[in-house]
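# How does the following fold in three dimensions:
(one chain, ligands or ions: 3)
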Amino acid sequence: MTDFGLDNYLNLEAKQQPTWADLDELANVKQQLALQPPLVFAGEVDTLRERLAAAARGEAFLLQGGDCAETFVDATADRIRNRIKTVLQMAVVLMYGSSLPVIKMGRMAGQFAKPRSSDTETRDGVTLPAYRGDAVNGYDFTEQSRRNDANRLMQAYHTSASTLNLIRAFTTGGFADLREVHAWNKGFTDNPANKQYESIAGDIDRAMRFMEACGVDSAELRSTEFFVSHEGLLFDYERPLTRIDSRTSTPYATSGHFIWIGERTRQLAGAHVDFFSRIRNPLGVKLGPTTQPEDVQRLIDILDPNREPGRLTFISRMGAGKIREELPKLVAAARDHGAQPLWITDPMHGNGITTKNGYKSRRFEDVMDEVMGFFEVHRELGTHPGGLHVELTGDDVAECLGGSEMIDEATLEERYESVCDPRLNHMQSLELAFLVAEQLVQTQRR
Ligand SMILES: O=C[C@H](O)[C@H](O)COP(=O)(O)O
Ligand SMILES: C=C(OP(=O)(O)O)C(=O)O
Ligand SMILES: [Mn+2]
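Numbers count the residues shown, from 1 in each chain. Ligands and ions are numbered 1, 2, ... in the order given. Predicted coordinates for the structure are as follows:
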């Protein structure tokens, strides 16, 4: 078979796909997308697989972060820079805490499509199609904006291309210099609200000065690898951007380095699992609290039949109250099945609440508690807590409650900008990194 069965998904149920307003437009856009250059190179994807294999062995740590839903208007230099900056700042702290290389990955340059609980949204008696991400329709609550417009897929491609271009420039052009990143972190710990992290910051400072005294000034300090990822959701985007790699003659998604399958689309016999099983990119699968041990084993059989190091990442998103109960049996099921997937925690999606004043939010303390639970589970099983998957922004928004700034419900009314889920803001993201680093230091001392 020469087509690798890439179109087999067409015979299966595909959940969460938009009903496009104009099918001729869609056909045209798919044709155009198939002619566009790849966004990522297959060789980079292979490098990432090796990095993730190291993390699965406990030799690296993955930090994956970014918006719940990227938007076209926010793909500006400032906002992209702030997000990269936040991820880099967190990575330094986590690198110190774990004494391991930290793999940096954005939910960026392609995170434009959202699965939704409901197909429609009703406001003041008016019902319109739900917002499904900028790749599908607009956030504004008007009939015109909520029309599922296939031309947006092309705009998603171009916005991803320019975002990725800036990411590559920032991370290799001097902006990501480790000493610079460390100096930004000093700005955070110098703030009296963050006094409790002074001691870690002091330790990192001494390590940096020690390196400088040794004359360490390598390319590794001045630039960094940075990978991009998104939920693989829309077949009308992913299929035209899946290409046969000229080196290996095998299919790669060229829309991003890492693709994950969401909680709502991970059915064993569904279109998403089938389609992504056929591509070479490292894959993630979200696992919510209803996941059964057998589901984990079947997902391994389908997505990683050869037990290839770095191929499969399980992203658990259980909720703080459930992780200690639900995760151990899944981790054990994978181990008993002869697999060594990378396990990372998404402490966001199991901890959603609606505030009294009507905002979708999350409490920082719940996020932190789920992360703690994740470390505890792995410590008990003797397996590797391999990484962190978070929704964050580099901007000073108020969407999640709590943290050292003590964001309360009233503040959400002033600085809530997300078009989908609430993100940790810049300060909360750094705080999370410092708290996780403390955990990692303790794990090592044991
Ligand atoms: O990540 C996104 C949300 O959790 C997902 O889109 C569902 O959100 P909803 O319940 O508001 O539709
Ligand atoms: C929709 C998302 O997550 P999940 O599939 O885990 O609900 C997400 O990551 O934004
Ligand atoms: Mn989300």
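# switch to C-alpha atoms for all contacts and neighbour counts from now on
OK.
# Helix, strand, or coil at T142?
Following DSSP: H, G, I helix; E, B strand; the rest coil, we place T142 in the coil state.
# and it, how many neighbours does it have?
T142 has 13 neighbours, counted by other CA atoms under 10 Å.
# got the residue ranges for the strands in this protein?
With DSSP state E as the criterion, the chain has strands at 61-66, 102-107, 120-123, 126-129, 227-231, 242-244, 251-253, 258-261, 283-287, 312-316, 342-345, 353-354, 360-361, 387-391.
# got TSV for the ones you listed, with mean pLDDT, mean neighbour count and distance to ligand 3 too?
As requested, the strands of the chain are exported to TSV (pLDDT from 0 to 100; neighbours: other CA atoms under 10 Å; distance: least, CA to the ion, whole Å):
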stretch	mean pLDDT	mean neighbour count	distance to ligand 3
strand 61-66	98	26	10
strand 102-107	98	24	10
strand 120-123	97	11	17
strand 126-129	98	15	18
strand 227-231	99	24	10
strand 242-244	98	18	24
strand 251-253	98	25	22
strand 258-261	99	24	13
strand 283-287	99	24	11
strand 312-316	99	26	13
strand 342-345	98	27	14
strand 353-354	98	12	13
strand 360-361	98	20	11
strand 387-391	98	23	7
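# Dump these into CSV; add distance to V441 as well.
Shown next, in CSV, are these (distance: least, CA to CA, whole Å):
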stretch, distance to V441
strand 61-66, 13
strand 102-107, 15
strand 120-123, 46
strand 126-129, 48
strand 227-231, 26
strand 242-244, 41
strand 251-253, 37
strand 258-261, 28
strand 283-287, 27
strand 312-316, 23
strand 342-345, 18
strand 353-354, 31
strand 360-361, 30
strand 387-391, 15
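# Could I get the phi/psi values of whichever residue of the stretch 1-150 of the chain sits closest to ligand 1?
Relative to ligand 1, the nearest point of the stretch 1-150 of the chain is R116 (3.4 Å; CA to the nearest ligand atom). Main-chain torsions, R116, degrees, to the nearest 10: phi -130, psi 150.
# related to what we said a few turns ago, of the strands of the chain, give the one that comes closest to T172.
Closest to T172 of the strands of the chain, according to CA to CA: strand 227-231, at 12.3 Å.
# Partner strands of that closest one, with direction?
When pairing is defined by DSSP bridges, strand 227-231 lines up against strand 102-107 (parallel), strand 258-261 (parallel).
# Run the angle between it and strand 61-66 for me.
60 degrees (axes from the mean of the first three to the mean of the last three CA atoms, to 10 degrees).
# quick revisit: okay, the strands paired with strand 227-231 in JSON lines with distance to L178 next?
Shown next, in JSON lines, are the strands paired with strand 227-231 (distance: least, CA to CA, whole Å):
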{"stretch": "strand 102-107", "distance to L178": "13"}
{"stretch": "strand 258-261", "distance to L178": "24"}
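# show me the contacts for the spatially closest residue to I302 that is not a sequence neighbour.
Nearest residue to I302, sequence neighbours excluded (CA to CA, 6 or more residues apart in numbering): S277, at 6.5 Å. Contact analysis of S277 by CA atoms under 8 Å, 6 or more residues apart in numbering lists 302-304.
# same question, L233
Per CA under 8 Å, 6+ apart, neighbours of L233: 16-17, 113-115, 261-262, 265, 272.
# Let me see the contact set for N185.
With contact set as CA under 8 Å, 6+ apart, N185 has these partners: 89, 201.
# And for T172?
Each residue near T172 by CA under 8 Å, 6+ apart is listed here: 222-225.
# By neighbour count, which of these wins?
Neighbour counts for these (other CA under 10 Å) peak at T224, which has 21 neighbours.
# Who are the packing partners of the worst-scoring helix or strand of the chain on mean pLDDT?
Within the chain, no helix or strand scores below helix 219-222, which has a mean of 84 by mean pLDDT, DSSP states H and E. Contact here means 3 or more CA pairs under 8 Å, 6 or more residues apart in numbering; DSSP states H and E; on that basis helix 219-222 packs against helix 178-190.
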